[in-house]
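In: Let me see the structure of the following:
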Amino acid sequence: AFAGSGESAVAKLVHKVYQVQNGSLVLLDEPEVSLHPGAQKRLLDFLLSNILEKGIQVVISSHSPSIVEELPPNAIVVLNKSANGKFVPKNNVPAEIAFSYIGHQTGKKKILVEDRAAKLLIEKVLDFIDPKAKQSITVEFHNGGSEDLYKEAVVLSRNNENKIFFILDGDKNTNISIPEEILDNEVDKYIDEITHITLQKLNFSADSGKKGQLTEEKKKYLSYLKNFMYFFPTNDPEQIMWEATTIQIDPNLNNEDFKERFRQLAYVEYGEDTSNDIYQAQKKLCNKLDRTNKYLIHMIELVKKILE
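Out: I've put the predicted structure just below:
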C-alpha cells in the first residue's frame with residue numbers, strides 16, 4: 001500500500017516530534033494539509049500530549065477549523081491585515097471569530113457573553129426551551145468583557161457573519177435605537193454613544209483607508225449591532241438568578257450589587273469567596289429557577305429569537 005502525501009508528511013512529523021529534546025520550540029506550517037478532519041484532530045491530540053510530556057512549545061500556522069476550534073482562545077493568534085497593508089497579530093481570539101477574520105463562517109450558531117455567570121444562565125434558558133437546543137447553538141464567554149466583544153463585532157460585521165450573536169449585561173445597554181438609514185455625518189456619533197469606545201480602539205479599516213469605504217464599514221457595524229447584539233433585561237445575569245430561584249436565601253444578604261450578594265452567599269455556604277466558590281453558588285441557584293419569572297420569560301423569548 002502507498003501512503004498519500006498527507007500521511008507521509010505526518011509520519012515524518014511524528015517521528016521528528018518524538019526526537020525533539022524537552023523544552024524545544026517546534027514550528028509547523030499547515031501540518032493538516034491532505035488530512036481528513038478526524039486525522040487532523042488526532043494529530044492535534046498527539047502534539048498536545050507531547051507538549052505536556054516534554055514541555056515543548058508548538059507554534060502552528062493553520063487555516064483548519066478542525067484544529068483551531070479545538071484550541072482555547074489564549075492559544076490562538078490571528079494575523080490581521082490593517083488598512084496600511086501591514087499584518088498585525090491579534091491575541092486571545094475565540095476560534096469562531098478567528099475564522100471571521102479570513103471570511104470563513106462556522107456552521108453552528110453561537111452566543112458570546114461577558115462572563116461565566118451569563119453563560120450559565122443562558123445555557124439554563126436553552127434547557128427550558130428544549131433539552132436538545134444546545135446541539136444547535138453554543139454559548140461562550142469572553143474574558144475581555146464587553147469592550148472586547150464590541151471590538152470583535154467590527155470583524156464579524158466586515159465579513160457578513162450571521163451566526164454569531166452577543167448578549168451583554170443590561171448595564172451596557174444605552175437604549176439607543178439604531179435607524180435603518182443613518183446619515184454619514186452621524187455614524188461616528190452613534191458608534192460612540194452606543195459603545196463608549198474610541199474609534200481608534202475599534203480599529204475600523206478599509207482598502208487604502210478611503211473615507212467613503214470607512215463610512216460604509218461603520219454603517220455595516222451599526223447594522224450588525226442592531227441585528228445581532230442583545231442585552232439582559234437586568235444590569236447583570238446575577239440579578240436574574242437571585243430573583244428567579246426558588247431556593248430560600250437569607251434575607252440579610254441584600255446588597256444592592258447582586259455580584260456582591262453572590263460573594264457573600266458563597267462565603268456563607270462554603271466558608272470562602274473564591275471565584276470558584278461564587279460560581280458554585282450561582283450553579284446552585286440556577287438549578288432551581290422559576291421559569292415563570294418575568295426576567296426568565298424575557299430571556300426565553302430572546303434566545304428563541306436567536307434560535308430561529
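In: can you give me the strands in the stretch 201-308 of the chain?
Out: Assigned strands in the stretch 201-308 of the chain, in chain order: 229-231 (criterion: DSSP state E, counting those that start in this stretch).
In: Can you pull out the low-pLDDT segments for it?
Out: 206-211 (pLDDT under 70).
In: ranges for the helices of it?
Out: Assigned by DSSP state H, counting those that start in this stretch, the helices in the stretch 201-308 of the chain fall at 211-228, 237-244, 258-270, 275-286, 294-307.
In: Most tightly packed of those?
Out: Highest mean neighbour count of the helices of the stretch 201-308 of the chain: helix 237-244, a mean of 23 (counted as mean count of other C-beta atoms under 10 Å). Where you see a C-beta, it was placed from the backbone N, CA and C, and this is true even at glycine.
In: Restrict that one to CA atoms and write it as PDB.
Out: C-alpha atoms of helix 237-244 as PDB (Å, rounded to 0.1, in the frame of the first residue of the first chain):
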ATOM      1  CA  PRO A 237     -27.300  37.900  35.000                       C
ATOM      2  CA  GLU A 238     -26.700  37.500  38.700                       C
ATOM      3  CA  GLN A 239     -29.900  39.500  39.400                       C
ATOM      4  CA  ILE A 240     -32.000  37.100  37.400                       C
ATOM      5  CA  MET A 241     -30.500  34.100  39.100                       C
ATOM      6  CA  TRP A 242     -31.100  35.700  42.500                       C
ATOM      7  CA  GLU A 243     -34.700  36.800  41.900                       C
ATOM      8  CA  ALA A 244     -35.800  33.700  39.900                       C
END
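In: next one: that helix to chain centre, how far?
Out: How far helix 237-244 lies from its chain's middle: 22 Å, per C-alpha atoms, centre = their mean, to the nearest Å.
In: Ok, stretch 186-205 next?
Out: Distance, centroid of stretch 186-205 to centroid of chain: 21 Å (C-alpha atoms, centre = their mean).
In: do the same with stretch 118-129
Out: The answer for stretch 118-129 is 16 Å, by C-alpha atoms, centre = their mean.
In: for stretch 32-52, same thing?
Out: 24 Å.
In: residue contacts, the spatially closest residue to residue 190 that is not a sequence neighbour?
Out: Distance criterion C-beta to C-beta, 6 or more residues apart in numbering; nearest residue to residue 190, sequence neighbours excluded, is residue 222 at 5.8 Å. Applying C-beta atoms under 8 Å, 6 or more residues apart in numbering, we find residue 222 in contact with 178, 182, 187, 190, 191, 194.
In: repeat for residue 229
Out: Neighbours of residue 229 in contact, by C-beta under 8 Å, 6+ apart: 153, 165, 166, 167, 168.
In: List just the nearest of these to residue 302.
Out: Taking C-beta to C-beta as the measure, residue 167 is the one of these closest to residue 302, at 7.4 Å.
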